[in-house]
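> Here is a sequence with its predicted model. Questions after.
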Amino acid sequence: MSASKKHRGANPGEFPIVRVDWEDAQSTEDQAWKPLGQLCQDLLERIVKPCVTVGFLVYEDKRHIIVVASLGHADADVSTEASGDCCIPKAWIRKLTYLKG
């Protein structure tokens, strides 16, 4: 899917359904002030918890994908509307699987 693809008035069936296995950014849980060395150590020792997102792949470029949970039309004259959006940097994606709809 290219970034230049127009989606105005598109039907939900035109978008592939995908499962994205990815790793999210991390932060310390307490957000308290602490020495920089301790902060870095705390972050690097944490176990990365994988994320999974499933939905319609509505946008893709060299750096990102956008997946939405729901698609619909409010009116026949209005472009496709979406909800439950998630923009994921491609560098964070571990696996992208196209599902049969």
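Nice, thanks for sending it over. The structure displayed is predicted, hence computed values, not measured ones.
> I figured residue 17 was touching residue 58, is that so?
No: taking contacts as CB atoms under 8 Å, residue 17 lies outside contact range of residue 58: 10.9 Å. Every C-beta, even on glycine, is put in place using the N, C-alpha and C of the backbone.
> More neighbours: these two, which one.
Taking neighbours as other CB atoms under 10 Å, residue 17 and residue 58 compare with residue 58 leading, 21 against 16.
> ok now do the more buried one, which residues does it touch?
With contact set as CB atoms under 8 Å, 6 or more residues apart in numbering, residue 58 has these partners: 7, 15, 66, 67, 68, 71, 82.
> Against residue 44, how distant is it?
Distance of residue 58 to residue 44, given as CB to CB, to the nearest Å: 35 Å.
> ditto for residue 69
In this view, residue 69 and residue 44 are 33 Å apart by CB to CB.
> between these two, who's got more neighbours?
Each of residue 69 and residue 44 has its neighbours counted (other CB under 10 Å); residue 69 has more, 13 against 8.
> quick one, phi/psi of that one?
Per-residue torsions, residue 69: phi -80, psi -30 (degrees, to the nearest 10).
> what does the average pLDDT come to for stretch 91-99?
The predicted model gives stretch 91-99 an average pLDDT of 97.
> Out of the helices and strands in this protein, which is least certain?
In the chain, no helix or strand scores lower on mean pLDDT, DSSP states H and E than helix 36-45, which sits at a mean of 91.
> Tell me the helix or strand right after that one.
Proceeding N to C from helix 36-45, the next assigned helix or strand is strand 50-60, under DSSP states H and E.
> so what does the least confident helix or strand of the chain touch, helix or strand wise?
Helices and strands touching helix 36-45, by 3 or more CB pairs under 8 Å, 6 or more residues apart in numbering; DSSP states H and E: there are none.
> Nice, that's everything, thank you.
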